[in-house]
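Here's a sequence, model it:
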Amino acid sequence: MNGISESVIHHGYSNGSVQSVNGNFEEKLDELRSLMGKVDGDPLRIVGVGAGAWGSVFTAMLQDAYGSFRDKVLIRIWRRPGRTVDRVTATHLFEVIGYFMQMRF
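Next comes the predicted model:
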């Protein structure tokens with residue numbers, strides 16, 4: 001790493017997810033917005049339409065990570081009424097997806 005260290009701060013949430021903040025979330029978001037042709041004042045819209053349990057948890061994790069950049073990205077979950085996910089299942093989904101997101105990034 002050429003003598004350069006990057007500090008990483010982990011924030012734990014009551015739902016079991018962990019958010020890593022290392023100062024480059026906004027840079028990554030700006031890069032994605034640029035690739036999508038977005039300009040200032042035109043937020044990127046990410047919508048989990050009809051997302052099942054896994055999709056809803058993933059979208060919620062995106063909201064946790066990028067929700068503070070509302071001027072740049074709007075993240076929504078649209079689900080039809082119907083089956084609910086119990087707390088134990090939702091907690092498990094957050095843990096599994098959180099684990100894979102940490103391994104990936």
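
helices or strands next to the helix or strand where A65 lies in the packing?
Using DSSP states H and E, A65 sits within helix 53-66. On a contact count with 3 or more C-beta pairs under 8 Å, 6 or more residues apart in numbering; DSSP states H and E, helix 53-66 meets helix 25-35, strand 44-49, strand 73-78, helix 87-104. Bear in mind the C-beta positions are built from the backbone N, C-alpha and C, glycine included.

Need the winner for burial among the ones you listed.
strand 73-78 (a mean of 16; mean count of other C-beta atoms under 10 Å).

hmm, back to that, export the helix holding A65 to CSV, keeping only CA atoms.
Taking C-alpha atoms only, helix 53-66 is exported to CSV below (Å, rounded to 0.1, in the frame of the first residue of the first chain):
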residue,chain,number,x,y,z
ALA,A,53,-37.2,-9.8,1.0
TRP,A,54,-33.6,-9.9,-0.4
GLY,A,55,-34.1,-7.0,-2.8
SER,A,56,-35.7,-4.9,0.0
VAL,A,57,-32.9,-5.6,2.4
PHE,A,58,-30.3,-4.7,-0.3
THR,A,59,-32.2,-1.5,-1.2
ALA,A,60,-32.4,-0.6,2.5
MET,A,61,-28.6,-1.1,2.8
LEU,A,62,-28.1,1.3,-0.1
GLN,A,63,-30.3,3.8,1.7
ASP,A,64,-28.1,3.4,4.8
ALA,A,65,-25.0,3.9,2.8
TYR,A,66,-26.0,6.7,0.5
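
Cheers, nothing more for now.
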